[in-house]
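Visitor: fold the following.
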Amino acid sequence: MKITLLGATGFVGHHLLPALSAAGHECLVLTRYRPACRDLGVIPRVEIIQTDVYDEENLERYFATADAVVNMVGILNESGRKGEGFNRAHVELVEKIIGACRTQGVKRLVHVSALNAGKGRSHYLVSKGLAEDLIRAADDIEYTILQPSVIFGDGDAFFNRFAALLKLAPVLPLACPESKMQPVWAGDVTSAICKSLVVTDFNNQTLVLVGPQVYSLRDLLEFTACAAGLKRKIVGLPDGLSRLQGRLMDFVPGKPFSSDNYLSLKIDNCSVENSLWRFGIQPRSIESVVPMYLRGSSRQHHLDHCRKQLED
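Guide: Got it, this is the predicted structure:
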């Protein structure tokens, strides 16, 4: 199968592209800056193209030979505060993708969205929901929408970022400490994407991808500290201070946290439903994966200590 991918040069793409290549698929990866992802270009059957994906003529050019399109474009924060950046990346781009698919006769689209898309008041979730609505309304395209919780794995921006913060701060003030999450392993998400491309049972469906266990954000920070071999104090902030932290961080370069993130965290990122089982995938736990890449070691006594801390 010939697949054109958008947003595949980031963390999940580094897990997905080797899997697609190993399955024999030919992958054309569109990116805004090719030199930053040269490592992906050495994967067999993977070609990296630098282009403006917001130019619909470019999309049509690179969709011309595609049997399927995979869209993984997503941002967690924008440069402003009014939602324009989220709307451009999540909604306007999807409109252009649908248009280019129609022009070139591409009938298969796999779209990686987010758990809770369309819920709450954050620009992130609202824009994700609008994108899903556009795809479902395109009744001439066979789609699969995947809604993962927070994705973890080697190279992630979740556990790795928190580990970096914890190394710098002996005491970490944590916004929304009781927010619930159900992290899902990148390898499981990758397997779901691969199967969605070739198994017609998942056509025209929206599927939830979550891990095997629900944690509070505080639990996950304490686990991160333990897995990284750090002794740190996590200070949970009340709602008012959490909101204030988001507003202040709006003006910090890189936005490690923002008021939009705060709004997203107001909705628990977990689900009773888990479509991974429909794919024949048994979801991996954070305890079985995270310590190996945070410390480069999976020694059983260390893992048992982390598990015990979460149970306590």
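
Visitor: any idea whether the closest residue to Leu93 other than its chain neighbours is helix, strand or coil?
Guide: Leaving aside its chain neighbours, Leu93 sits nearest to Val73 (5.8 Å; criterion: C-beta to C-beta, 6 or more residues apart in numbering). To be clear about C-beta, it is placed using only N, CA and C from the backbone, and glycine gets the same treatment. At Val73 the chain is in coil, as set by DSSP: H, G, I helix; E, B strand; the rest coil.

Visitor: let's see the pLDDT reported for Val73.
Guide: Looking at Val73, its pLDDT is 97.

Visitor: contacting residues for Arg45?
Guide: Contacts here follow C-beta atoms under 8 Å, 6 or more residues apart in numbering; on that basis Arg45 touches 20-21, 24-27.

Visitor: buried members of those residues into PyMOL, please.
Guide: Of the contacts of Arg45, the buried ones go into a single PyMOL selection, burial set by 16 or more other C-beta atoms under 10 Å:
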select buried, resi 20+21+25+26+27
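
Visitor: now for the contacts of Arg45: which two are most distant?
Guide: By the measure C-beta to C-beta, Gly24 and Cys27 form the most distant pair in the contacts of Arg45, at 10.6 Å.

Visitor: one step back: which one of the contacts of Arg45 is nearest Ala175?
Guide: The nearest one, if we look at the contacts of Arg45 relative to Ala175 and count by C-beta to C-beta, is Leu20, at 36.8 Å.

Visitor: the closest one contacts Ile3, doesn't it?
Guide: Yes - at 6.5 Å, Leu20 counts as touching Ile3 under the criterion of C-beta atoms under 8 Å.

Visitor: which SS state does Val29 fall under?
Guide: strand.

Visitor: and it, how far is that from Ile43?
Guide: Computed as C-beta to C-beta, to the nearest Å, the Val29 to Ile43 distance reads 9 Å.

Visitor: wait, what's in contact with Gly41?
Guide: By C-beta under 8 Å, 6+ apart, the residues touching Gly41 are 34, 47-48.

Visitor: let's have these in CSV, adding distance to Gly7, secondary structure and pLDDT.
Guide: As requested, the contacts of Gly41 are exported to CSV (distance: C-beta to C-beta, whole Å; DSSP: H, G, I helix; E, B strand; the rest coil; pLDDT from 0 to 100):
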residue, distance to Gly7, secondary structure, pLDDT
Arg34, 14, helix, 91
Glu47, 16, strand, 97
Ile48, 13, strand, 96
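
Visitor: does Ala131 count as helix, strand or coil?
Guide: Once three-state DSSP is applied, Ala131 turns out helix.
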